[in-house]
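S.K.: here are the coordinates; sequence isn't available:
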């Protein structure tokens, strides 16, 4: 799915919402625990309720791995379900992988061949050969960590290069661009760092950005849109906990759908007022 | 397992070898493919043959994930097998994880609670709160990426901080030390960067270092030992492909055992000549 196709999808839905399926068995409604596969049942209900307002889903692998092979099975079922029932949905494996070339190839095989993901998040620390194997898959994408939403982002991502004057996340943005194209690389930019988006858009004007940190982590959608939008929208804004755990009762999916719908409405109005719905 | 306990184990075996279980179903001997779980059968045979010469095993998660939930199951069986048959073996999940605190906790749960690993490799890009949840587990360890063995290491790990004059991997070593102790943090230093070990030992004199890159990647054991040993050995040197794929015939495990035995002999003599076997 290239940028133009993603933009068409965004216009069709009037939304650039990505729902994070960070499904923790300790946080889902109790009554689901009676089913054979509570994690999948929870995801299925959340997906059915939120899909009208959503262009992408992003399961974070940690939540599935914490349940071992069973969790991995629940994830496979979730991805198969979306690909069967809602084909064309953009599916991001939030895995933050990255290893030497030989090994990154195996991760690419895992997410793109074994499971039907469209994109995978990758950590940049190990450099070019840790990222390139993911880019070898036609139509798939790398979502490279650049500036993350957490406090620890300050430990290394802001180190200023004595040679170029760039901060590390800026160097990641500049160097990694030449490994692929704006159609097969995206970047993670935390919503809590919205003030940096203006400068980031100078370095990567055309790339889609995946923005986590709205909601529970405190980022603002309006700020992100103000500085981050480009002429193809160029943003996927993720919300996880604020949507999927909005209620712990029987009506959890309905409430999640309502929450996604409200965010969609705000996004629709942002797209509209920026002339992007035409 | 603290450093002293690890050192005792090293002295007992006369070895600081870690065998990398990077088990690719496309590379294992054909005759194993007839069994129910070829990956596990391969691992079991390799483990039985190499265990007398080995203090640690390090499965790289990518190889198991590339087989989906089944691969994850094979990994669980492998870890259970080692913990049952060879208790006290040091088990490293080479997973290169790292995420916001809330999510890293789930990865820690996956590797330390759900599976019986002693340590997990973590990428430092996201900083302190991405690492700390792993350190909350008593007796477990983080193996933090510092200077990796691959070509892409040059892209970001050598960026020189304009404020401190440190290169990024040196900053990672310095800053991360205060997040834990030398008993619960180790560092990955690629064998292909042996010339850097002298400087690295100035920053982290007491920490154990996990050294990949011997063999297929071209690093030298003698160089690593010359610059990396400390008074508790302080090194785990990993070899994966050079051992586990040494033969593709019926005798693959015997050959792998012989190869591990040869490396052990070289390590024994290094430990001996450095006065570390007393």
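M.R.: Sure, I can see it. Source: prediction; values computed, not measured.
S.K.: quick one: contacts of stretch A:35-50?
M.R.: A:19, A:21, A:23, A:25, A:28-29, A:32, A:57, A:59, A:64, A:67, A:71, A:73-74, A:77-78, A:81-82, A:85-86, A:243-244, A:252-254, A:256-257, A:260 (C-beta atoms under 8 Å, 6 or more residues apart in numbering or on different chains). Glycine gets a C-beta too; all of them are placed from N, C-alpha and C.
S.K.: What residues of that stretch count as buried?
M.R.: A:37-47, A:49-50 (16 or more other C-beta atoms under 10 Å in any protein chain shown).
S.K.: Secondary structure added to those, as a markdown table?
M.R.: Formatted as a markdown table, these follow (DSSP: H, G, I helix; E, B strand; the rest coil):
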| residue | secondary structure |
| --- | --- |
| A:37 | coil |
| A:38 | helix |
| A:39 | helix |
| A:40 | helix |
| A:41 | helix |
| A:42 | helix |
| A:43 | helix |
| A:44 | helix |
| A:45 | helix |
| A:46 | helix |
| A:47 | helix |
| A:49 | helix |
| A:50 | helix |
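S.K.: that older thread, just the buried subset of the contacts of stretch A:35-50, please.
M.R.: A:19, A:21, A:23, A:25, A:28-29, A:32, A:57, A:59, A:64, A:67, A:71, A:73-74, A:77-78, A:82, A:243-244, A:252-253, A:256-257, A:260.
S.K.: which of the residues you listed come close to chain B?
M.R.: A:67, A:73 (C-beta under 8 Å from any C-beta of the partner chain).
S.K.: What's the end-to-end length of stretch A:110-119?
M.R.: 12 Å (C-alpha to C-alpha, to the nearest Å).
S.K.: from the chain's centre, how far out does it sit?
M.R.: Relative to its chain's centre, stretch A:110-119 lies at 14 Å (C-alpha atoms, centre = their mean, to the nearest Å).
S.K.: Over to stretch A:231-242?
M.R.: Relative to its chain's centre, stretch A:231-242 lies at 8 Å (C-alpha atoms, centre = their mean).
S.K.: from the buried residues of stretch A:35-50, which is closest to residue B:123?
M.R.: Each of these was scored against residue B:123 by C-beta to C-beta, and residue A:39 proved nearest at 25.7 Å.
S.K.: Apart from its neighbours in sequence, what residue is nearest the closest one?
M.R.: Spatial nearest neighbour of residue A:39, chain neighbours left out: residue A:74 (4.0 Å); criterion: C-beta to C-beta, 6 or more residues apart in numbering or on different chains.
S.K.: so where's chain A uncertain?
M.R.: For chain A, the stretches flagged by pLDDT under 70 are A:216.
S.K.: In it, mark out all the helices, start to finish.
M.R.: A:3-13, A:38-50, A:61-65, A:68-85, A:101-108, A:128-135, A:153-156, A:168-177, A:197-203, A:221-228, A:241-244, A:252-273 (DSSP state H).
S.K.: same for the last one, what does it pack against?
M.R.: So the one you mean is helix A:252-273. Under the contact criterion of 3 or more C-beta pairs under 8 Å, 6 or more residues apart in numbering or on different chains; DSSP states H and E, helix A:252-273 touches helix A:3-13, strand A:17-21, helix A:38-50, helix A:221-228, strand A:235-239, helix A:241-244.
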